[in-house]
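Peer 1: the sequence and its predicted three-dimensional model are supplied below.
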Amino acid sequence: MNKKHHLVVFSGGSAANNLVDVFGKVADDKGCLSYIIPISDNGGSSSELIRVFGGPGIGDVRSRLVRLIPEDPSSPETTAIKTFFNHRLHASPTEARNEWLDIVESRHSLWQSITSEKRELIRSFLNTINLEIVKRARPSSVFNFQSASVGNLFLTGARLFTGSFESAIYLLGAITGVPSNVNVIPAINSNFSHHISAGLQDGTIITGQNAISHPSAPSSSSVIPSSSSPSSHPSTESSPETQQQRRKLSKELTDHDLVDDANLPGSLPTLRKQYITFQKTHTEDLASRIERIWYINPYGQEMRPSANPKVLETLRGAGCVVYSIGSLYTSILPCLVLKGVGEAVALEEGIKYKVLILNGSLDRETRAVGQDGESNEFGAKDFIAAIAKACHGSRGLGEVKEEEWKQYVTHVIHLQGEGTPRVEKEELSALGIETVRIYGRKHEGGEGGMVYDGTALGQALEAIMGRRDPRSDKTRRNTLNVS
């Protein structure tokens, strides 16, 4: 394997999907492209699969695999398969269940243009998950097909049949024709659920990825003061508000223990709930900045899982690491805090380039309301500090100093325009971190921020990796500004 051409990308799902073609061209046919994807998402249709079957959050993995299916306008089957695995069932639970039965029984129009041998192979795993759904049905717990992803159902069926999450990923990639030099690697290889919590600077703890990034409705079990925990007993020193919160949490625990699903008795209620419907935009700003994120067991206690061995293996063979666009604390950092990752990024001699592609806009995780009511927005230094802190913590080390940041980030690619994060070029340059400003366009739909131009981003990555002279690009569209 040519290390110089081995690109490793840390990313979540939907945001980074827009850059898949860019990363593919940069890696080209001389090397390997590996995506490291978190499995801590407990929102959307994944939340119902986790509730009933347990297992990892697979939505981002499925999303990346389907996005990697090669485009072939001359092949109706390729288009049909991509549409099939991207399909979501009806928003009505009753209609969704009927639609699911049509798919399982091979009566749905989605099967058109898919050859019989491939259709029956896919159906065998859909029948597996369907049988498991029927077996697990109880008066207190019935599977909700509302807005369920067919691809997620397939991956779960394949995981249950083979007993291996990675085998399920391999199977979906093989069926859909994902290129053999592209790897989609879950950050943790597990048949169990892994959840995260976030600690804010004001001491508040938010439990569960969905509650951190796009909460549907706050509850006492998802947002709690740091001085209290589910296992704590009321004391005379607790405030009336805290005691009331604990009583409500105790009732939620009791109520949920009456439900027969895949959750262990006593598990935090916020990790048991359905989060099928939620909004990703227009969520309220956090009351305080996120200080750090960590993994928790079902009872809310902190744990330090190890990274998937394949993650560490692919980092040992990498020449460039990219922290892609996406949610900083729920898409990127859940991969970096795992044991072994920080050490590999910092100490592997072959990784010469560690590139942060700065988001074109700010979101709930990187924009908070300060104590004075003013917005407390992240700049490039804040993004880098969060990455460095996560990697440093992964190594079991203490506070990371600014002069140590370049162990984890050597370059920042960014856009300039309304709504983009500020970039402290001179300060970063003094720390040995290069900044590269490239062309972008305004986000469509008036959502604010900027969107990367694929050609310019690809050229910037190639210039950083020494495979293109930035001075050779003369057009305004592809101008690189390196400092």
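Peer 2: Perfect, thanks for sending it. Just so we're clear, the structure is a prediction, and the values are computed from it rather than from any experiment. Numbering: from 1, shown residues only.
Peer 1: so where is the stretch 101-250 of the chain shaky, pLDDT-wise?
Peer 2: 216-239, 241-242, 245-250 (pLDDT under 70).
Peer 1: ok, which stretches of it are strands?
Peer 2: 182-186, 195-200, 204-207, 223-225 (DSSP state E, counting those that start in this stretch).
Peer 1: is it true that residue 141 touches residue 261?
Peer 2: Yes - counting by Cβ atoms under 8 Å, a contact exists between residue 141 and residue 261, whose distance comes to 4.6 Å. (C-beta placed from N, C-alpha, C; glycine too.)
Peer 1: can you list residues touching both of these two?
Peer 2: Residues touching both residue 141 and residue 261 by Cβ atoms under 8 Å, 6 or more residues apart in numbering: 51-52.
Peer 1: out of the strands of the stretch 101-250 of the chain, nearest to residue 290?
Peer 2: Distance to residue 290, taken as Cβ to Cβ, is lowest for strand 195-200 among these, at 5.0 Å.
Peer 1: neighbouring contacts of that closest one?
Peer 2: So strand 195-200 is contacted by 40, 42, 205-209, 212, 226, 271, 286-296, 298, 300, 302, 329-330, 334 (Cβ under 8 Å, 6+ apart).
Peer 1: just the helices in the stretch 1-150 of the chain please.
Peer 2: 14-17, 20-27, 45-53, 59-67, 76-86, 93-104, 116-136, 150-162 (DSSP state H, counting those that start in this stretch).
Peer 1: elements contacting the longest one?
Peer 2: Counting contacts by 3 or more Cβ pairs under 8 Å, 6 or more residues apart in numbering; DSSP states H and E, helix 116-136 packs against helix 45-53, helix 76-86, helix 93-104, helix 150-162, helix 165-176.
Peer 1: can I get those helices in TSV with mean neighbour count?
Peer 2: Below are the helices and strands packed on helix 116-136 laid out as TSV (neighbours: other Cβ atoms under 10 Å):
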stretch	mean neighbour count
helix 45-53	24
helix 76-86	18
helix 93-104	16
helix 150-162	23
helix 165-176	19
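Peer 1: now these in CSV, with distance to residue 267?
Peer 2: Converted to CSV, the helices and strands packed on helix 116-136 look like this (distance: least, Cβ to Cβ, whole Å):
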stretch, distance to residue 267
helix 45-53, 10
helix 76-86, 30
helix 93-104, 24
helix 150-162, 20
helix 165-176, 21
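Peer 1: relative to residue 442, which of those is closest?
Peer 2: Nearest of the helices and strands packed on helix 116-136 (Cβ to Cβ): helix 76-86, 27.0 Å.
Peer 1: what angle sits between the closest one and helix 150-162?
Peer 2: 80 degrees (axes from the mean of the first three to the mean of the last three Cα atoms, to 10 degrees).
Peer 1: buried among the contacts of strand 195-200? Make that a PyMOL selection.
Peer 2: In PyMOL, this line selects whichever of the contacts of strand 195-200 come out buried by 16 or more other Cβ atoms under 10 Å:
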select buried, resi 40+42+205+206+207+208+209+212+271+286+288+289+290+291+292+293+294+295+296+298+300+329+330+334
